[in-house]
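Enquirer: could you work out the structure for the sequence below:
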Amino acid sequence: MDKKSIATFGEKEVRRNWDKENEKWWFSVVDIVGVLTEQATHDGARKYWSVMKTRLKQEGAEPTTICSQLKMVAYDGKLRDTDVADTEQILRIIQSIPSKKAEPFKQWLAKVGNERIDEMFDPELVINRVVEHYRRLGFSDSKIMQRIKTIEVRNTLTNEWKDAGVQNNEYGILTDLMYKTWSGKSAKEYKEHKGLKKESLRDNMTNTELALNMLAETVATDLTKERKPKNINGAKVAAKDGASVAKNARQNIENLTGKSVISPLNAKDMRLIEEAEETELLE
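Expert: Model (predicted):
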């Protein structure tokens with residue numbers, strides 16, 4: 001079995017599949033249940049999950065809406081249809097597992113829920129959480145401030161899209177159009193170029209990439225405000241025109257430097273480079 005298709009939980013293995021199209025992991029429900037209920041065998045985990053399906057129905061949660069099915073390599077080496085769930089769905093299932101091992105996850109969910117409610121009443125807490133998140137990732141203070149600025153720029157643009165009648169589920173279409181226009185890559189292609197999966201693309205951009213993306217979104221915001229489109233088609237034109245300004249800037253930079261602005265480096269690579277440069281300065 002491919003190591004990439006296996007996650008470990010303590011000493012136990014959990015089968016998983018990466019959904020390239022939707023950019024998320026699907027996990028074997030039976031494996032998760034087996035780990036959290038400490039089943040000695042895979043058959044025991046399968047039987048426990050069968051009982052849980054009935055329990056979920058009694059709680060008003062339909063298992064067919066919580067789970068999907070994918071073919072996964074079974075423990076006998078054969079491909080078999082397997083109940084799978086994404087991260088959100090797994091967390092819902094965990095709430096129905098009466099197990100000591102599941103309790104830490106339930107406490108974590110309660111804590112996160114409480115934090116989000118607090119943030120609704122005090123938005124400053126959101127900023128503090130973002131700063132702490134980036135510090136844990138190893139971002140410098142200047143990089144954190146830059147990233148927060150990009151969030152502000154992005155939110156201003158999406159507010160304009162909302163006023164233009166664009167639905168939340170259509171933001172991705174416009175974002176993808178802008179990436180494709182200024183960088184030459186769709187969001188998915190861009191992430192693959194940097195070796196990313198679930199990670200945020202913006203968190204893994206170089207300073208130049210981030211600056212160009214901010215330029216695209218800033219100009220797109222100004223154009224959307226000026227033109228006042230009434231639907232997604234009008235918003236698309238403004239988005240593409242804004243991104244074209246960033247495209248021209250990218251091409252000018254590349255002509256001057258003789259190298260591509262679109263870097264394969266991700267945040268981990270960049271931190272390693274920064275650490276190496278700091279070491280050289282100290283020597």
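Enquirer: give me the neighbour count for Glu23.
Expert: Per other CB atoms under 10 Å, the neighbour tally for Glu23 reads 14. In short, each C-beta sits where N, CA and C put it, glycine included.
Enquirer: separation between it and Lys198?
Expert: 7 Å (CB to CB, to the nearest Å).
Enquirer: also Ala102?
Expert: According to CB to CB, Ala102 stands 23 Å off from Lys198.
Enquirer: check which helix or strand covers the closest residue to Pro63 other than its chain neighbours.
Expert: Nearest residue to Pro63 in three dimensions, chain neighbours excluded: Lys53, at 4.5 Å (CB to CB, 6 or more residues apart in numbering). Using DSSP states H and E, Lys53 maps to helix 42-58.
Enquirer: before we move on, what about Gly195?
Expert: Going by DSSP H and E, Gly195 is not in any helix or strand.
Enquirer: and the pLDDT at it?
Expert: pLDDT, Gly195: 92.
Enquirer: neighbours of the closest residue in space to it that isn't next to it in sequence, just the number please.
Expert: Nearest non-adjacent residue to Gly195, counting by CB to CB, 6+ apart: Asn266, 5.9 Å away. Using other CB under 10 Å, Asn266 has 19 neighbouring residues.
Enquirer: gap between Asn266 and Thr208?
Expert: Taken as CB to CB, the span from Asn266 to Thr208 is 15 Å.
Enquirer: what's the answer for Lys143, then?
Expert: 13 Å.
Enquirer: please apply the same query to Tyr190.
Expert: Taken as CB to CB, the span from Tyr190 to Thr208 is 14 Å.
Enquirer: neighbour-wise, which of those two wins?
Expert: For Tyr190 versus Thr208, neighbours defined as other CB under 10 Å are more numerous around Tyr190 (20 against 15).
Enquirer: what residues sit buried inside the strand or helix carrying the more buried one?
Expert: Using DSSP H and E, Tyr190 sits in helix 187-193. Neighbour-count burial for helix 187-193 flags Ala187, Tyr190, Lys191, His193 (criterion: 16 or more other CB atoms under 10 Å).
Enquirer: isn't the last one right next to Ser186, touching?
Expert: Meaning His193. No - using CB atoms under 8 Å, His193 is not in contact with Ser186; the gap is 10.3 Å.
Enquirer: which neighbours do the two have in common?
Expert: Overlap of the contact sets of His193 and Ser186 (by CB atoms under 8 Å, 6 or more residues apart in numbering) is empty.
Enquirer: which segments of the chain make up each domain?
Expert: 3-99, 142-282 (automatic domain parsing).
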